[in-house]
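**Student:** heads up, no residue letters with this:
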């Protein structure tokens with residue numbers, strides 16, 4: 001079990017997605033806003049090594065941003081989006 005504790009897992013949170021032409025992306029500069037396909041109170045995806053493992057919601061704690069896990073991820077929903 002001690003070797004298992006040494007395994008590194010990258011956790012990331014996907015707030016939303018966007019599609020835009022590369023020429024539009026290349027014209028963006030500092031302060032540009034990329035619109036996402038997610039609403040303000042929509043659940044976010046929690047990924048482990050780029051694989052969906054859970055859903056969650058954003059929580060603001062003072063000046064920190066955290067994610068509260070709300071349930072398991074449905075891989076089929078993730079790839080359908």
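**Tutor:** Thanks, I have the structure now. What you see is a predicted model, and the numbers here were worked out from it, not measured in a lab. Numbers count the residues shown, from 1 in each chain.

**Student:** Quick check: residue 5 is in a helix.
**Tutor:** Yes. With DSSP: H, G, I helix; E, B strand; the rest coil as the criterion, residue 5 is located in a helix.

**Student:** Grab the nearest non-local neighbour of residue 54.
**Tutor:** residue 46 (4.2 Å; Cβ to Cβ, 6 or more residues apart in numbering). In short, each C-beta sits where N, CA and C put it, glycine included.

**Student:** Does the one you found touch residue 57 like I think?
**Tutor:** No. Residue 46 is beyond contact range of residue 57, at 10.3 Å (criterion: Cβ atoms under 8 Å).

**Student:** count of residues packed around residue 5?
**Tutor:** Residue 5 is flanked by 6 other residues according to other Cβ atoms under 10 Å.

**Student:** Return the per-residue confidence for it.
**Tutor:** Confidence at residue 5, expressed as pLDDT, is 86.

**Student:** ditto for residue 34
**Tutor:** 92.

**Student:** Could you do residue 27 as well?
**Tutor:** 93.

**Student:** Any idea how many residues pack against it?
**Tutor:** Using other Cβ under 10 Å: residue 27 sits among 9 other residues.

**Student:** In contact with it, which residues?
**Tutor:** Counting by Cβ atoms under 8 Å, 6 or more residues apart in numbering, residue 27 touches no other residue.

**Student:** quick one: residue 51 and residue 30, what's the gap?
**Tutor:** 32 Å (Cβ to Cβ, to the nearest Å).

**Student:** When residue 46 and residue 57 are compared, which one has more neighbours?
**Tutor:** Set residue 46 next to residue 57 and count neighbours by other Cβ under 10 Å: residue 46 wins out with 19 against 13.
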